[in-house]
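Asker: Give me a model of this one.
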Amino acid sequence: MIALLHAVPTNFLSLSAVDAQELAAKAKGPAGEIIRARHDALQKYLGDETDEAIEVVRKLWEARLVEVDIVLQVYEAVERPSKQLSAEEEKLREGFFEKSTNAWMAARDVLVRLERDMIGPYTLGRSNCTKRHEKLTHLL
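Answerer: Coordinates of the predicted model:
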């Protein structure tokens, strides 16, 4: 069960958006502040020549910076409608929406599977969850 729960990209879910309206709200709210802070921190860490971080950590920071840059670019272009975006910006936005939708679908699938697999009084077995199970099955 633990591995199944960790399959859900929870950090990305907090930043994700499935349409322009949700994207605008996220970009202007706490999610926008978080992604800008992450970007600044990663750039600071990578730019610090006195930092003796091991190479594996630096590579991790570089990979995270690439991911954060993509989200930041999408967030920064939020004020412009799709028609005013460059081809690259439009591709990034559409890719972001698709990744967001896929992340939420993965979360749904995990919750449905957990609901199905949990058995017993200490894991909220089916006898305790029948009504919730019926509510979730319409999502399939």
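Asker: What is the neighbour count of residue 10?
Answerer: For residue 10, the tally of surrounding residues (other C-beta atoms under 10 Å) stands at 10. From N, CA and C alone the C-beta is placed, and that goes for glycine too.
Asker: wait, what's in contact with it?
Answerer: Residues touching residue 10, when contacts are defined by C-beta atoms under 8 Å, 6 or more residues apart in numbering, are absent altogether.
Asker: same deal with the one 5 residues further on?
Answerer: Taking C-beta under 8 Å, 6+ apart, we find residue 15 in contact with 26, 31, 34-35, 71.
Asker: try it again with 10 Å
Answerer: Under the criterion of C-beta atoms under 10 Å, 6 or more residues apart in numbering, the contact partners of residue 15 comprise 9, 26-27, 30-32, 34-35, 38, 68, 71-72, 74-75, 96, 100, 103.
Asker: Residue 46 too?
Answerer: The neighbourhood of residue 46, defined by C-beta under 10 Å, 6+ apart, consists of 53, 58, 61-62, 64-65.
Asker: Show me the shaky parts of the protein.
Answerer: For the chain, residues meeting the criterion pLDDT under 70 lie at 120-140.
Asker: what are the ranges of the helices in it?
Answerer: 2-6, 10-15, 20-28, 30-47, 55-76, 87-117, 126-137 (DSSP state H).
Asker: what angle do the fifth one and helix 30-47 make?
Answerer: When you say that, I think you mean helix 55-76. Put simply, helix 55-76 runs at 140 degrees to helix 30-47, going by axes from the mean of the first three to the mean of the last three C-alpha atoms, to 10 degrees.
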